[in-house]
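Q: I would like the atomic coordinates for the input below:
(one chain, ligands or ions: 1)
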Amino acid sequence: MTIQLSTLNWCLAKLNWCKHGMAGATMVSVKTRISNTQFQPKVLIFALDYDETFTASPVLFKQIILLIKSFGHSVTFVTYRDGLRAENHDICADAVACDIDIVFTAGRQKSHVFQADIWLDDSPDTIVGFDLLGKTYDGCLTQNDIKGDFEEA
Ligand SMILES: [Mg+2]
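A: Below is the predicted model:
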């Protein structure tokens with residue numbers, strides 16, 4: 001996918017208007033000089049969880065996968081499941097139907113096994129790497145954020 005320079009110029013003009021035309025607007029800095037006739041946006045790698053994410057609304061996620069792919073980005077199922085299990089016929093069938101790959105982490109933290117730009121997952125705790133898990137734990141202790149607002153006292 002490419003963005004025409006005229007579209008980019010229109011966006012930059014709007015940013016300039018925001019910078020100077022709106023009282024109290026946040027300053028937006030555009031650091032990149034555009035010299036090409038076209039701007040190539042980054043191809044994004046999406047990691048999509050299967051259980052309780054894709055399966056929570058398969059029709060919706062099939063449409064989301066099509067939309068993401070239509071922008072030239074990639075989507076991969078990244079699941080906590082073990083790929084050697086015999087019960088993977090459902091994820092395999094959906095991967096074939098959606099024409100996407102599967103990464104089985106077999107219980108390993110997903111970010112240890114796959115590098116994604118964007119994660120779509122109902123269990124973000126299965127994504128975070130070991131070092132960030134430790135920092136998150138330390139941050140919760142420092143902030144005395146031991147119980148969430150939604151937990152019963
Ligand atoms: Mg899940």
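Q: how long is stretch 102-116 end to end?
A: 13 Å (Cα to Cα, to the nearest Å).
Q: if you could redo that for stretch 71-91, that was the one I meant.
A: End-to-end distance for stretch 71-91: 24 Å, by Cα to Cα.
Q: buried set for that stretch?
A: 73, 75-81, 88, 91 (16 or more other Cβ atoms under 10 Å). In this view, the C-beta of every residue, glycine as well, is placed from N, C-alpha and C.
Q: and these, which of them are in helices?
A: residue 91 (DSSP state H).
Q: quick one: the buried residues of stretch 71-91 as CSV, columns for pLDDT and distance to residue 145 too.
A: Formatted as CSV, those follow (pLDDT from 0 to 100; distance: Cβ to Cβ, whole Å):
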residue, pLDDT, distance to residue 145
73, 98, 34
75, 98, 33
76, 98, 32
77, 98, 32
78, 98, 28
79, 97, 29
80, 95, 25
81, 96, 31
88, 96, 37
91, 97, 35
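Q: span of stretch 96-110 from start to end?
A: End-to-end for stretch 96-110, by Cα to Cα: 21 Å.
Q: would you mind listing the buried residues in that stretch?
A: Buried residues in stretch 96-110, counted by 16+ other Cβ under 10 Å: 98, 100, 102-105, 109-110.
Q: what two of those residues are the furthest from one another?
A: 98 and 109 (24.2 Å; Cβ to Cβ).
Q: out of everything not next to it in sequence, what's closest to residue 107?
A: Closest residue to residue 107 apart from its sequence neighbours, by Cβ to Cβ, 6 or more residues apart in numbering: residue 80 at 6.1 Å.
Q: residue contacts, the one you found?
A: Going by Cβ atoms under 8 Å, 6 or more residues apart in numbering, residue 80 touches 49, 51, 105-107, 110, 123, 126.
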